[in-house]
Every structure is written in structure tokens, then in C-alpha cells.
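**Q** Coordinates for the following, if possible.
(chains A and B)
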There are 2 protein chains.
Amino acid sequence: MQEKFEQLQAKLRDIIDLGSAAGILGWDQNTYMPPAAAETRGHQMAIINRITHEWATSEEMGRLLDDLKPYAESLDPDSDEARMIKVAKHDYDIATRVSSEFVVEMSQVVTAAFSAWAEARAKSDFKIFEPLLEKVVDLNQRFAAFFPEVDHPYDALLDQFEPGMKTADVKAIFDGLRPQQVELIQAISEQPQVDDSFLHQPFDEKKQWEFGEEVITKFGYDWDRGRQDKAPHPFTMGVSIDDVRITTRVDPNFFNPMFFGTAHECGHALYNLGHARKYHRTLLSNGASLAVHESQSRMWENLVARSYPFWEHFYPRMQEIFPQMAGVSLDQFYKGINKVEPSLIRVEADEATYNLHIMLRLELEIALLEGKVLVKDLPEIWNAKIQEYLGLTPPNDALGVLQDVHWSYGNLGYFSTYALGNLVSAQLWEVIQKDIPDLDDQIRAGKFEGLLTWLREKIHVHGRKYEPQELVEKVTGSRIDPAAYVRYLKNKFGKIYNL
Amino acid sequence: MQEKFEQLQAKLRDIIDLGSAAGILGWDQNTYMPPAAAETRGHQMAIINRITHEWATSEEMGRLLDDLKPYAESLDPDSDEARMIKVAKHDYDIATRVSSEFVVEMSQVVTAAFSAWAEARAKSDFKIFEPLLEKVVDLNQRFAAFFPEVDHPYDALLDQFEPGMKTADVKAIFDGLRPQQVELIQAISEQPQVDDSFLHQPFDEKKQWEFGEEVITKFGYDWDRGRQDKAPHPFTMGVSIDDVRITTRVDPNFFNPMFFGTAHECGHALYNLGHARKYHRTLLSNGASLAVHESQSRMWENLVARSYPFWEHFYPRMQEIFPQMAGVSLDQFYKGINKVEPSLIRVEADEATYNLHIMLRLELEIALLEGKVLVKDLPEIWNAKIQEYLGLTPPNDALGVLQDVHWSYGNLGYFSTYALGNLVSAQLWEVIQKDIPDLDDQIRAGKFEGLLTWLREKIHVHGRKYEPQELVEKVTGSRIDPAAYVRYLKNKFGKIYNL
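**A** Numbers count the residues shown, from 1 in each chain, chains lettered A, B, ... in the order given. Next comes the predicted model:
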């Protein structure tokens, strides 16, 4: 059986190696690829996807997994081998449920949808994207139909990104969270507002870049196994444990995007860099889920880099690098980077309002999937919801329903992982504070080894071995739950806004 | 039959698309890849090479080519279709001659050989590379043995890079060339020497970069389909007609490497960018051979960018960008960039001595293949030959036998294409001067459209349709011949050195 297991691993290594090559192509596409090369890139990705899909759904793969079933059952269910077989079976079941025709159609629609979305957003004209979005919704409905056993068709979408997570779970979590976030935002809005105008002034691009690199070097980012480049839509590409690249964008007139974006992507990268080396070139060398991934990026971005102790250490350095900050006190700066203000754009939202952007999207996605909302009515419904949730009206669709790229990638079911990641980051943080009582002092001293070591041992090293809820429960004692996040928000913003 | 032809093209498109993905991986490896990612990259390349080799040698491919034989014979032999089938058959015959075991062994040896060579060169210790080079020689002997019908085993190696070229042809060409080059160098050495010290002084890196880009933009390099990056060993990567990237290196204290290197790589790139669009994703969207490729790069580097008319246009601009050149006259500068001086390093050699470096390598490679020289004796023999050819003795092996990367890639048979490229560039140039009587005036005015259009129509557009000798004969009326190059050298250096 050991031999069959090794055969399975060898087949998976082929898929993983070829998939990681596609990772490089994706990174290149978003960083350095010449504009005219898009068509060529499409063909390259198509052939790699075709091969990996063929391999992932091959009869031989199915036979190996069948043969290994009794062996897996004979193992400690928490052993690496048992988990590797389990994860392989999960991926195989999903891949084989979906027809080849569907895969081809999806990739065709996605190519067209991305172009249509980009044009629609540039022209702020939803009509350009509408027919493609209708196809995306239709494809997602058909995808869900490949999984008739789920409680709700949206479960099938969610499971791609959050293994084991149910729509009902997410709804329950959000239902518990929403009133408390709305109440907090309301309370904040009644207080004197924070000034963050000093963040909106010229900041030398090269200095921004170097400051960001200086900080993530202290976080523990390994430049021998990674690099940072510019990209219009920042992302982290975990090609393998030895090649984890981050990207960022620099706004010459606004401090936040580069700095907090870099901390965010570094958080993702540290997770990828921290998987157990013995998992290299196995299915376990991957994040547990998008929510767990986001818990890492949001932790470094917000719980670390938007914290007071962090800036006790770094603000003098910031003032040294950017002399224009001389007249801004640490307290003013700290409040500025934590300013709460309902806004139209999700990716620019503060910690207190961010999750509301997500809840709105989840509601709309479920309604689209259920056919209760039609694509053609989406802009109107979007705007009504934004008014209801945040008290704002988008002046155009580019700042409304067209702002996110995700649907144009063919993905429904993705957004809630962002909010879940916020919740998990706060849950973990409460445990970390117990386990490392002097954590604030360490951060105040610019030391992050304690934090990183904890994250490595508790989260990173396990890779994809555990399902997200299982992992969170193992580490925090409870499943994903909004209470810690609400405590965190109330404590942090209570102080900032004198609530 | 049209249908079978389309089936063949579809199979080839898969191979080409996957191969072009490997091109991106190769480009990344030499530009941006984090150091620790080398092992991952090895696995990615291995899986892609395995698949493409399987496809290229599949029974189905063989059957299609057999089935298409009568069809190809029924076509005009100069038609695109007939040529595509011919080239496909040529590639298939080579790929299927070589055993799979050989391919695997070669890729293993090459991975080890490159590391050993890099270490050996860094430490200037041939012994580190010796056992791997012995394997490389052995592999090349075995490769040649797969082709027992050739006149000389070296023909089999040469044919990979110069289809149709024989060792005897190359030897005859070099035999005609050598005495004339030696005589010229001797005559030059007896004249007052040229001062080029002004080229060896600080040149701002950013300005070097921008000046290089300004010049190749005028050459006609298409930034929409390409880009320029830094690489320790500059190269051009032709991924597809829409993605042709060049690389360069910048020496902050020496003008030549960046400037002439950029012109050189741009020459390669213009060739790739100029293949007929109808050949996109076919085997014909490629250079005719390495020598023809080198004829393009050397033409833009030397016949254009090291010419007097070129600097009549660009030298005032150069003096504007680099004020330190104010006291250097155009004539002094022109002589400086064309200084002839026997030197140890091939890639830094001037036009008059360059080919001697190549002839030496050809002799040694043939002797190694024939078993008349043993790897262990190579450093000693190398040094003796360099003394004989150039009157110099390398102080160490890094500046001698270890200087070139090629053998560590597993390649014997490659070097002579560089010298052949020089010859072809001069042959073409004589025809161009007849066809464009005011060529010098155009260059003097900074206009290169006339030259580029000629190259496009006569050379670039044909891609790999014609064999190199066939193409050269078609365009110049004679096969590859040293006479034009000798005329060019004597004329140019006769003026510079008052011969």
C-alpha cells in the first residue's frame, strides 16, 4: 500500500509542478507581461489547465484513491498520510463531478468576462458586463447543480474556497455580527470625526517602497524565497514553499495603499512560507482555506500594523523617512490610519465598516444563485443596499456594482471568506495574547519573532491538513465566531472615538 | 488531407503553447526568480519537457506525418504547408531518434553540470567541472551515435542549431577565414593603438538604460510586444510573436556592455517580432537557425551601432546625456568603440578577433567528440591554443576554459553559429547597401525603417520556412561565405588603423 501511496503522490506531484508553473504565468501576467501577449498567455494557461484537469480526473487517479481507501481507514485519521489521501479524494470528487464541457465553457466565458468587466468598469457602463455576468451566474448555477446533495446550492460554491463551510453557518455568523457592527458605526458617527488629511499628501514612491520592505523584513519575510513587485491589483503568489512572491501598488499621494497593502500581502506570504517542508510538492503545502489565509493577511495588516504598539516603534522611523510628518503626533497618526468612515469601495474600507461590504455581496450572490435577483436589476439593488447598509449612494456603477473583479473571474462564493478572515484573525489574536503575555512589548520593540513563531507552529506549519473550522477550533477552542472580532472593534474604536 | 493537416497543426499548437510557457519560466529564472526557487523551477521545467517530448514523439504524430507524406509531395515544395510538414518531420525524426532514457539522463546531468560549472568558474577550479563535463561529452557522443548516417559525428550536433550545415562546410569556411583575420590582426598590432579609456569611466546607470531604450525604440522595437529587464547573462526570449523580451546588463563604469548588448539583443528581438503573423503558433514562427539569428543581432550591434553614420546621428545626443564626453571627439569615440585588441574573453572580443575565439572552440569540440582530446587535458590545451591564436595566456581557468556557460547546458556544436552569424551579417549588408543606396544617409538621420523593412521582407517574415543556407543563397545569391566579412573588416579597420 505504501507503494500505491507513493504512486498517488507521484501523480499529484506532476499536477502540482505543472500548476505551480501556471502560478508563474499568472504572476507574470499581473506584473511584467507586455500588453499584446494576453492572447498567447491565454493559450498557455488553457493547455496547462487542460492537462492538469485530465490528470486530476483520470481513471488511474480514481483507481488509486479507491485502492487506498482501506489503507487510509487503517491509519491514524490525523496522520499526514491519512489527511493527504482525504484531501486528494476531496479534490478528485470535485474535479470529476464537473464535466469537461463545463470546464471548457467556463474558461471561455471567463476570458470574455474579464475583458467585458474591465471595459464596463472603465466606462462605468454595467450593460457591457451584463450579458457576461448572466453567463457567469448561469455557470455557477450549473456548477452548483453538479452537487445536488448540498443543503443549499450556494454551499457548493462556498466549499471551493472554505472546505466544509455551509451557507447557513456563514449566514448565522453574519446575523450575529451585523447589528453589533451597525451599532458601533452609528455610535462612531455621533462622535467628533478623526482627521487623516496628512495621509493624503505626496509621499516619495521610492521611500514608500523601502519603508515597506524594511517593515516586512522585520516581520520575517524571507527575500531568498520571495520578492516584491508592483501590480495594479496586489496579490500574493505562492508558487511553492521556496517561491512566494508579493505585489503591491504605490499611490504617490496617499500613504495607506502601499504600506498596509504590503503588510497584508506579507501576511499571506508568511503563511505560504511557513508550511511544513515535508509537505513540499504535496496537496498539503497550501492554505487551509481562503478565510484562514485572510486571517493571516488581516492580522499583519490590522492587528499588527494598525496597532498602537507597532507605531510606538515605527513612527519615529516614519518621521525620519518622511519629514513632512514632523508636525503630526503619534496619537494623531494612529487615529488617522484607523479613521472610520462609511465608503463606497470595499478594498478601501476601514475595519469597522469592511464586513458590511461583504454581507451585502453575500446576500446578492445568494439571491442571484437562487434566481431571486436578476442580473439586469443588479445595479439598482446594489445601490439600494449600499444606501441601507452604509448610508451612501454610488454616483456610478464603477464605484458600485462594477468595483470588484471577482465575478469576472467566474467566481461566486468568494467574498464571505474576507469577512470570515477578519473574525478568525481576532479569535487567534485573543489566544496569542494569552500565550504571549508581553506581545505588545515585543511589538513595541519591533520584535515579531514571537508572533511569527506562534503562527508558524499553530497555523502555518499545518498547511491544508485541517479543514478551516477544525483548525480554528483546534487552536482557539471554538469554531469561527464573531464575538472576538466585536470585542476587538469595540475596544479599539471605543478608545479612538471615546465611546 | 486538409483535415489531417489541421490535426497536425493542432497537435503542434499544444506543443508550442506549452513550450512557450516554458519560455516564460526560463525568462523568469534569469531575471526575477528568488534564489531558493531553483529546485522548484527544475521540477516545473522537467514536467513540461516530459510532456512536450511525449507529444513530439507520439505514435499519433508519426502516423499523421506518414499520412501527410503524399499530400506534402503533391504541394508546391515552397508552399507554407509543404514547409510546415517538412519542418515537423525534421523535428519528429530528431526527437524520436533519441531515447527517452537519454532525455532524462541529459536533463539530470545538465542540472548538476550548471551548478558545478558556476562553482568551478567562481573558484576558478576546473576540477569541479571536470567530471560533469566528461558526462556532457559522453552524452554528446551518444547523441551523435543516434545518427550513424552523418558524415562526421559533429554533424549531428551542428544540425540541431544549423539545419543542413555540415562540419566540413564550417571547417572550409573557417579555413578560408582564419589566415585573413590573423593577417589583419597582425597588421593592426603594428599600428599606433587606439585609446578607449573614456569608455571606462562612470556612466550613470539610469541614463545608460534610458539611452539604450531610446535607441532601440528608433530601431523599431515594439514595446507593446516586449520589454527589457536586467540579467547577468543577457539573452532574448521569443515567447511568441506577441511576447519577445530582451535583457541586458549594466556596468556602471563601462559604456559598452549595456549599449551594444542592448543593440545586439534588439537585433534578435526584431527577427522574432518580424515573423509572418500567419505563422503564429506554428513551427515556422521561429528563426531559420542560430547563425541567421546571430546575423541579425550582430548586424544591429556592429554594422549599425558601431558604424560611423550611426554615431554622426547619436553622438551629440550621447554628449548631451553624458556631459563627461564633451572633450571626446566623434572620431575618437568611433575609434574607441571599435578598438581591436586580442583579449581572453569571447563575449568582450572586438569584431576583428571574435571569430578566432570561435574557431578555437570548434577545434576543441570536434577533438573532444572524436576522443582525440580528453576533458582532463582541456585547460592545458585551451591555454596553448589561446597563446597560438591570440598571443595571450589566461592567468586562470575562469578567464580560460571555464568562461562559457554553453557546455554546462549540455551543448556542444553551438559556438560556430556565432561566427557564421558574423559572416552572414556582412553578406546581407552588401546586398542591403545595393538595395538601399542611401542607407548611410538614412542611418545618419537616425532613420531605420528602410533597413528594418528590408530585413522584414527578406529575412524575418520567412521565420523557419527555409534552411539557413537556402535562405542566405536566396537573398544574397551565394551560400555562407567569408569573403564579405573579410571585405567589411578590411575596409572598416583599414580606415581606423590607417592600413
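**Q** Could you list which residues are in contact with the residue of the stretch 201-350 of chain A found nearest chain B?
**A** Residue nearest to chain B within the stretch 201-350 of chain A (C-beta to the nearest C-beta): residue A:243, separated by 3.7 Å. Quick note: C-beta positions are derived from backbone N, CA and C, even for glycine. The contact partners of residue A:243, by C-beta atoms under 8 Å, 6 or more residues apart in numbering or on different chains, come to A:20, A:225, A:226, B:33, B:34, B:36, B:37, B:40, B:41.
**Q** Check residue A:358 too.
**A** Residues counted as contacts of residue A:358 (C-beta under 8 Å, 6+ apart) are A:174, A:346, A:415, A:416, A:418, A:419.
**Q** Which residue is the nearest non-sequential neighbour of the second one?
**A** Counting by C-beta to C-beta, 6 or more residues apart in numbering or on different chains, residue A:357 is the residue found nearest to residue A:346 once chain neighbours are left out, at 4.0 Å.
**Q** can you tell me the helix or strand for the one you found?
**A** Assessed by DSSP states H and E, residue A:357 sits inside helix A:354-370.
**Q** And the following helix or strand past that helix, what's buried?
**A** Later in the chain than helix A:354-370, the nearest helix or strand by DSSP H and E is helix A:378-390. Of the residues in helix A:378-390, A:378, A:379, A:381, A:382, A:383, A:385, A:386, A:389, A:390 count as buried by neighbour count, 16 or more other C-beta atoms under 10 Å in any protein chain shown.
**Q** ok so, going back, quick check, nearest of the contacts of residue A:243 to residue B:306?
**A** Closest approach between these and residue B:306, by C-beta to C-beta: residue B:33, at 33.1 Å.
**Q** Distance check, that closest one against residue B:164.
**A** Per C-beta to C-beta, to the nearest Å, residue B:33 is found 36 Å from residue B:164.
**Q** And these two? Which one has more around it.
**A** More crowded of residue B:33 and residue B:164, by other C-beta atoms under 10 Å in any protein chain shown: residue B:33, with 21 against 15.
**Q** before we move on, the earlier item: out of the contacts of residue A:358, which sit inside helices?
**A** Secondary structure assignment (DSSP state H) places A:174, A:416, A:418, A:419 from the contacts of residue A:358 within helices.
**Q** Quickly list the domain ranges of chain A.
**A** Under automatic domain parsing, the residue ranges defining each domain of chain A are A:2-146, A:147-499.
**Q** ok, residue A:365 to residue B:426 distance?
**A** Residue A:365 sits 66 Å away from residue B:426 when distances are taken as C-beta to C-beta.
**Q** just residue A:286 next, same as before
**A** The gap separating residue A:286 from residue B:426 is 56 Å, by C-beta to C-beta.
**Q** Same check on residue A:189?
**A** To residue B:426, residue A:189 is 78 Å away according to C-beta to C-beta.
**Q** quick one: which of those two has more around it?
**A** The neighbour comparison of residue A:189 against residue B:426 (other C-beta under 10 Å) goes to residue B:426, with 24 against 13.
**Q** And the strands in chain A?
**A** Listed in chain order, the strands of chain A (DSSP state E) span residues A:228-230, A:236-240, A:243-248.
**Q** And residue A:474, how close does it get to chain B?
**A** Remark: distance between residue A:474 and chain B (C-beta to the nearest C-beta, to the nearest Å) = 29 Å.
**Q** what's the pLDDT at that residue?
**A** Model confidence at residue A:474, given as pLDDT, is 98.
**Q** got a list of what it touches?
**A** Counting by C-beta under 8 Å, 6+ apart, residue A:474 touches residue A:466.
**Q** Kindly recompute the last result at 10 Å.
**A** Applying C-beta atoms under 10 Å, 6 or more residues apart in numbering or on different chains, we find residue A:474 in contact with A:458, A:459, A:462, A:466.
**Q** how many neighbours does the third one have?
**A** Which is residue A:462. When neighbours are defined as other C-beta under 10 Å, residue A:462 has 24 of them.
**Q** repeat for the first one
**A** For residue A:458, the number of neighbouring residues by other C-beta under 10 Å comes to 17.
**Q** Tell me the residue of the stretch 351-499 of chain A that sits nearest chain B?
**A** For the stretch 351-499 of chain A, the nearest residue to chain B under the criterion C-beta to the nearest C-beta is residue A:463, separated by 15.8 Å.
**Q** correction: the stretch 51-200 of chain A
**A** Of the residues in the stretch 51-200 of chain A, the one nearest chain B is residue A:51, at a distance of 6.7 Å by C-beta to the nearest C-beta.
**Q** Grab the nearest non-local neighbour of that residue.
**A** Residue nearest to residue A:51 in three dimensions, not counting chain neighbours: residue A:18, with 6.3 Å by C-beta to C-beta, 6+ apart.
**Q** Which stretches in the stretch 101-250 of chain A count as helices?
**A** A:126-145, A:153-161, A:167-189, A:205-219 (DSSP state H, counting those that start in this stretch).
**Q** most packed of those?
**A** Across these, averaging neighbours per residue (mean count of other C-beta atoms under 10 Å in any protein chain shown) puts helix A:153-161 on top, at a mean of 21.
**Q** Check the offset of that one from the chain's centre.
**A** Averaging C-alpha coordinates over helix A:153-161 and over its chain gives two centres that are 16 Å apart (C-alpha atoms, centre = their mean, to the nearest Å).
**Q** same check, this time on stretch A:18-26
**A** So, by C-alpha atoms, centre = their mean, the centroid of stretch A:18-26 is 19 Å from its chain's centroid.
**Q** returning to what we had before: find the pair from the contacts of residue A:358 with maximum spatial separation.
**A** Within these, two members stand farthest from each other by C-beta to C-beta: A:174 and A:346, at 15.2 Å.
**Q** just the strands of chain A: most buried one?
**A** strand A:243-248 (a mean of 26).
**Q** Note down every partner strand of it and its orientation.
**A** Listed by DSSP bridges, the sheet partners of strand A:243-248 and their directions read strand A:228-230 (parallel), strand A:236-240 (antiparallel).
**Q** and the spatially most central residue of chain A, how far is that from residue A:91?
**A** For chain A, the residue whose C-alpha lies nearest the mean C-alpha position (C-alpha atoms, centre = their mean) is residue A:294; its distance is 4.4 Å. Relative to residue A:91, residue A:294 is positioned 21 Å away (C-beta to C-beta).
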